[in-house]
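>>> What follows is a protein structure lacking sequence information:
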């Protein structure tokens, strides 16, 4: 376990999903050879409902604590840090040609520190010497606590043992893979999720609900001889997950297991009249949907 994963584990505490009142819809889906997951709100309980970059809440004290945890003297006004963090994200989005751009949070933090700290009266800090990855993790774990969704490890193990190919398409940052691995109970290479079938938004500077990440996933699956119609995508958001996944030909399951993260998006034009092929309220319901329970 590397130091970042260890720190994520130290900062993470048990969370329980909140009931949604949604009834599962569990048809049998034949011919599925691959299952691709969203992460936040699907595989991991997300205290804020999604990766923290989407949150508009006030996190000034969390920013001060994160900076202090990295051995730096935090400014008295932590909210100034958060405001500049959001401003840097907005500038990055505005400079992108993408309809749905993503940021690289390490770059955002470097820009934020370089902008805010010189105006605080604190000693000048060489931002190149700051452990930006540690700072990013310290902040994220405070503003968006995460914990494995019930049945996560059991579901991944069952799919792996059944020979189902697994991947990820997720809005994410560099800390997402180690966070998922450490909270799922092991190193990344034992989860059964194919590293070359993981499409992370930060790596491409493209975010959901755009189709780019999903189209990239279809290309990677094609290299394994797996067609979109043989792929089930599981996510908690009708706009970000179900609609674009269905648009590239994936079959879809809406994960409705936690009220914090369930996004039905009724009336959203990007959703339209799209409906998922299945609705699951527990990850362990994926197995009977794919008729995996009786397989050796």
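Cool, the structure landed. These numbers were taken from a predicted model, which means no experiment stands behind them. Numbering: from 1, shown residues only.
>>> Which positions within stretch 257-266 qualify as buried?
257, 258, 260, 261, 262, 263, 264, 265 (16 or more other C-beta atoms under 10 Å). (Glycine included, C-beta is placed from N, CA and C.)
>>> Quick one: mean pLDDT for that stretch?
In this model, stretch 257-266 has a mean pLDDT of 97.
>>> Same question for stretch 172-186.
Here stretch 172-186 scores 94 as its mean pLDDT.
>>> contact partners of it?
For stretch 172-186, contacts defined as C-beta atoms under 8 Å, 6 or more residues apart in numbering pick out 1-2, 4-6, 8-9, 12, 39-40, 43-44, 51, 53, 104-106, 133, 136-137, 140, 146-148, 152-153, 156, 170, 187-188, 191, 198, 200-202.
>>> Swap in 6 Å and give it another go.
Residues outside stretch 172-186 that contact it (C-beta atoms under 6 Å, 6 or more residues apart in numbering): 4-5, 8-9, 39, 105, 137, 148, 152-153, 187-188, 191, 200-202.
>>> Residue 225: which of those is nearest?
Looking at the contacts of stretch 172-186 and their distance to residue 225, the nearest is residue 191, at 22.1 Å (C-beta to C-beta).
>>> How about the contacts made by the closest one?
Residue 191 makes contacts with 156, 184, as judged by C-beta under 6 Å, 6+ apart.
>>> got it, and residue 81?
By C-beta under 6 Å, 6+ apart, residue 81 lies in contact with 63, 116.
>>> oh, and call the first residue 778 from now on, that's how I've got it
Done: numbering now begins at 778, and the last item shifts to residue 858.
>>> Okay, and it sits in which element?
Assigned by DSSP states H and E, residue 858 falls within helix 855-872.
>>> Tell me the buried residues in that helix?
Using 16+ other C-beta under 10 Å as the test for burial, helix 855-872 gives 855, 857, 858, 859, 860, 861, 862, 863, 865, 866, 869.
>>> tell me the pLDDT at the fourth one?
With respect to pLDDT, residue 859 has a value of 92.
>>> I'd assumed residue 840 was in contact with it.
Yes. Residue 859 is within contact range of residue 840, at 5.3 Å (criterion: C-beta atoms under 6 Å).
>>> State the helix or strand in which residue 919 lies.
Using DSSP H and E, residue 919 falls in helix 909-920.
>>> Could you do residue 976 as well?
Assigned by DSSP H and E, residue 976 belongs to strand 970-977.
>>> residue ranges with poor pLDDT in this structure?
In the predicted model, the chain carries pLDDT under 70 at residues 778, 829-834, 894-906, 1069-1073.
>>> ranges for the helices of it?
Counting by DSSP state H, the chain has helices at residues 780-788, 837-846, 855-872, 882-893, 909-920, 929-938, 953-960, 978-981, 989-999, 1020-1024, 1063-1066.
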